[in-house]
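Q: sequence first, predicted model second:
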Amino acid sequence: MRIRKNRQHGDDEEIRGRILAALDSEPWAPRYSINVIVRNGVAEIWGTIFDEREREAVRVVAENVPGIKAVKEHLVLMEPLSGIAFEVPHDEPSNQEK
């Protein structure tokens, strides 16, 4: 019996690796406070950011990785001095889903 590798799963892992590598190459990127999950070409980005500008920047990095169909971010803004977290509801699809 031959066991075939799930091609989509392999593609998703490769896409995830490319997103993380792209973020790692950016000096502003919150490398250690976010996680990326990719399923069927849709990236979900979870974690904490410390500057609201990082939200859109992380999204743009992920959207520009080949193979991405859409990006859903679930990032929480943490105010660095007080430690107060601000969660922004994001049910809006990315530009690629519209």
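A: Everything's here; your move.
Q: quickly note the distance from the residue nearest in space to the middle of the chain to Leu81.
A: The centroid of the chain falls nearest to Ile45 when counting by C-alpha atoms, centre = their mean (3.2 Å). The gap separating Ile45 from Leu81 is 24 Å, by C-beta to C-beta, to the nearest Å. The C-beta positions use only the backbone N, C-alpha and C, and glycine is treated the same way.
Q: quick revisit: next one: phi and psi at the residue nearest to the centre of the chain?
A: As for Ile45, its main-chain torsions (degrees, to the nearest 10) stand at phi -110, psi 120.
Q: not including adjacent chain positions, what is the nearest residue to it?
A: Distances taken as C-beta to C-beta, 6 or more residues apart in numbering place Glu73 nearest to Ile45, at 4.5 Å, with adjacent residues excluded.
Q: which pLDDT value belongs to the one you found?
A: The predicted structure scores Glu73 at 93 on the pLDDT scale.
Q: what comes up buried for the helix or strand hosting it?
A: Counting by DSSP states H and E, the element that carries Glu73 is strand 70-78. Within strand 70-78, the residues that count as buried by 16 or more other C-beta atoms under 10 Å are 70-73, 75, 77-78.
Q: with stretch 18-26 instead?
A: Neighbour-count burial for stretch 18-26, counted by 16+ other C-beta under 10 Å, picks out 18-20, 23.
Q: all helices of this structure, in order?
A: 7-24, 53-63 (DSSP state H).
Q: by contact count, what packs against the strand holding Glu73?
A: Judged by 3 or more C-beta pairs under 8 Å, 6 or more residues apart in numbering; DSSP states H and E, strand 70-78 is in contact with strand 42-49, helix 53-63, strand 85-87.
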